[in-house]
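Asks: pasting a predicted model and its sequence here:
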Amino acid sequence: MNLPPGPKSHWLVQYRGWAQRPLEFLDECQSRYGDIFTIKIAEGGRHRPMVLFSDPAMVKQLLTADVKNFESGEGHDSMRSYVGENSLLVSDGGLHRKHRNMIKPQFYGEHLLVYGERMRNLCDEEMAGYKHGGSFSVRQFMQRLSMRIIVDTVVGAKDSAETQELEVRFARFMDWLTAMPGHLATNVPAIQIPLGPLSPWGYYLRETAAIDTLIYKSIAHAKKAQLDERYDVLTMLAHATDQEGIGFTDKELRDEVVTLLIAGHETVAAAMSWALYYIHRHPEVKEKLIAEIESLGENPDSNSIYKLPYLTAVCDETLRLRPSLIVAFTRMPKEKFSLDKFEFEPRTNLMPCIYLTHHRPSIFPAPREFRPERFLERQYSPYEYFPFGGSNRRCIGAAYAQYEMKIVLATILRNWKIARKNLTSVNARRRGITITPPDSFKLEVFGRR
Ligand code: HEM
């Protein structure tokens, strides 16, 4: 097959680079092979070449092509067993379109104002656990907080024993899934044998069954609830129908709840952790941000916080420099597809590389510097800057995620005195599909402001 050049090393060597030092690996490929290259790694137990590219003209060509000629679901095969076959992440065609059309509106518009107030309360509750003089690992804090927020938004009933158990079990399951045993168990079919409850696959089966039981109980409650007495996504989806008047089955609801919990917390936790990291590496940015947030007076509503220009620029710049996902989902053409000087065979994995596009010096001068002002000085096209991807797979939680980032950052900076003792830089770590700061990045708490 006529694929762009790329590293010649064994796929295991490339996989190691991709998994253990992803940003350096991508930088090396770009400097050696240019704007389009092929890497070979194995995921879901299968070895598959992936074509990555970072020239905005190529990104545009792919993201504006007719979506009917592409599939993406297979790219997430390794997640299929736990997100379920109806999940947005693994489906294509009519099923994908129908679910997207029904789920996406729940994360936009006036819903955000309701979620925003709850995000703020949950953030204050979590922060209140820290005493004067204590310190906290920012990634772990953000992981816990974003888990609580997404469970509250999607499943609701914050104080019910079921919701609280779901939060704890799901977080534990994600820790396992993103560490080596979970990664191997879900990617290597040969070890998917239940050899007792302590074996990796035995643990996987037990935990997914326990999580499913909790989700099905929540589905039963949501179906009985009146729409006007609940705010959560599950209740709205349990009552929603498509144009033909057909609603979701319980299994479809279960698959999408798991999908939203997975897609909706690791990504935001990574982005919020990086934001706090850069804000504390640049005291002048922190000062300017606090002044902007305080200019809103006592108790501003969430929408006013969301619209703050400098806070928006800080969040945009964080997602430019450290996009939570370094590549958009794979697009596999159903027919031959030409991109640049290459003609790709059907089923080639084509992936716009978010990280490398965001680091092009011709578009973002001094690309490794954290400079929020660049977003106040000019606008970027959706093919130059696309932390949430594009076309028919664009992140359905994009507005919600930006809302959450801003509310949480504003709540912390406004109400708490926090500082970083040590200003050294930290290396990016992979956690599952996201790129995060290491757990060793900590902030000190000096009480309320
Ligand atoms: C800062 C946080 C986030 C980032 C950077 C992010 C980024 C992305 C990206 C790059 C994609 C792939 C888009 C493409 O290939 O074109 C995606 C897809 C998706 N995201 Fe997000 N995301 C974030 C938060 C969220 C949240 C909060 C939710 C849920 C509430 C969510 C739900 C999804 C779903 C369901 C998809 C699959 C869409 C589809 O295939 O149709 N994400 N996200």
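Replies: Cool, the structure landed.

Asks: counting by contacts, list what the longest helix along the chain packs against.
Replies: With secondary structure taken from DSSP state H, the chain has its longest helix at helix 200-224. Applying 3 or more CB pairs under 8 Å, 6 or more residues apart in numbering; DSSP states H and E, one finds that helix 200-224 contacts helix 161-178, helix 180-187, helix 233-239, helix 250-263. Any C-beta I mention is one placed from the backbone N, CA and C, and that applies to glycine too.

Asks: near the ligand at all, the shortest one?
Replies: No: against the ligand, helix 233-239 shows no contacts by CB under 6 Å from any ligand atom, the least distance being 8.1 Å.

Asks: show me what that helix is packed up against.
Replies: For helix 233-239, the packing partners by 3+ CB pairs under 8 Å, 6+ apart are helix 93-103, helix 138-154, helix 200-224, helix 250-263.

Asks: what angle sits between the longest one and helix 161-178?
Replies: Compare the direction of helix 200-224 with that of helix 161-178 by axes from the mean of the first three to the mean of the last three CA atoms, to 10 degrees and you get 150 degrees.

Asks: now do the same end-to-end measure for stretch 63-71.
Replies: 12 Å (CA to CA, to the nearest Å).

Asks: can you list the residues that contact that stretch?
Replies: Residues outside stretch 63-71 that contact it (CB atoms under 8 Å, 6 or more residues apart in numbering) are 92-93, 331-335, 337, 352, 382-383, 386, 389-392.

Asks: ok, and the most crowded of these?
Replies: Highest neighbour count within these: Pro352, with 27 neighbours (other CB atoms under 10 Å).

Asks: hang on, that residue is in a strand, isn't it?
Replies: Yes: according to DSSP: H, G, I helix; E, B strand; the rest coil, Pro352 belongs to a strand.

Asks: partners of it in the sheet?
Replies: Applying DSSP bridges to Pro352 gives these bridge partners: Phe53.

Asks: rewinding a little: of the contacts of stretch 63-71, which is the nearest to the ligand?
Replies: Set against the ligand, the nearest of the contacts of stretch 63-71 by CB to the nearest ligand atom is Gly389 (2.1 Å).

Asks: which strand or helix spans the closest one?
Replies: Assignment of secondary structure by DSSP states H and E places Gly389 within no helix or strand.

Asks: up against the ligand, what does the stretch 51-200 of the chain have?
Replies: When proximity is defined by CB under 6 Å from any ligand atom, the stretch 51-200 of the chain lies next to the ligand at 88-89, 100, 107.

Asks: is it true that Gly156 touches Leu237?
Replies: No: assessed by CB atoms under 8 Å, Gly156 is found out of contact with Leu237, at 11.5 Å.

Asks: shared neighbours of the two, which are they?
Replies: Residues touching both Gly156 and Leu237 (CB under 8 Å, 6+ apart) are Ala222.

Asks: one step back: go through the helices and strands packed on helix 200-224 and name the closest to Arg378.
Replies: For the helices and strands packed on helix 200-224, distance to Arg378 was read as CB to CB. The smallest value, 30.0 Å, belongs to helix 250-263.

Asks: could you point out which element follows that closest one?
Replies: That would be, after helix 250-263 and using DSSP H and E, helix 266-281.

Asks: what's the mean pLDDT across that next one?
Replies: Across helix 266-281, the average pLDDT comes to 97.

Asks: likewise for stretch 145-153?
Replies: Per-residue scores along stretch 145-153 average to 96.

Asks: residues contacting the helix or strand hosting Lys417, please?
Replies: Counting by DSSP H and E, the element that carries Lys417 is strand 416-419. The contact list for strand 416-419, computed with CB under 8 Å, 6+ apart, reads 127, 130, 280, 412, 443-449.

Asks: buried among these? Need that as a selection in PyMOL.
Replies: Selection of buried members from the contacts of strand 416-419 for PyMOL, criterion 16 or more other CB atoms under 10 Å:
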select buried, resi 127+130+280+412+443+444+445
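
Asks: for Ile435, list each beta-bridge partner.
Replies: Arg430.

Asks: doesn't Arg21 make contact with it?
Replies: No: using CB under 8 Å, Ile435 is not in contact with Arg21, being 10.7 Å away.

Asks: neighbour count for those two, which is higher?
Replies: Under the criterion of other CB under 10 Å, the comparison of Ile435 against Arg21 puts Ile435 first, with 20 against 16.

Asks: so who does that one touch?
Replies: Contact analysis of Ile435 by CB under 8 Å, 6+ apart lists 22-23, 270, 322-326, 355, 428-429.

Asks: how near is it to Gln14?
Replies: Ile435 sits at a distance of 17 Å from Gln14 (criterion: CB to CB, to the nearest Å).

Asks: which ones are touching Pro7?
Replies: By CB under 8 Å, 6+ apart, the contact list for Pro7 reads 13-14, 29, 32, 37, 39-40.

Asks: let's see it at 7 Å
Replies: Shown in contact with Pro7 (CB atoms under 7 Å, 6 or more residues apart in numbering): 14, 29, 39.

Asks: re the thing from before, quick check: mean pLDDT of the longest helix of the chain?
Replies: 93.

Asks: kindly report the same for stretch 366-379.
Replies: Stretch 366-379 comes out at a mean pLDDT of 97.

Asks: also stretch 71-86?
Replies: 91.

Asks: quick one, phi psi at Gly264?
Replies: phi -100, psi 10 (degrees, to the nearest 10).

Asks: which one is it nearest to, not counting chain neighbours?
Replies: Ile150 (4.2 Å; CB to CB, 6 or more residues apart in numbering).

Asks: how many neighbours does Arg360 have?
Replies: 16.

Asks: and it, helix, strand or coil?
Replies: At Arg360, secondary structure determined by three-state DSSP is coil.

Asks: residues touching it, list them.
Replies: Arg360 touches 54, 367, counting by CB under 7 Å, 6+ apart.
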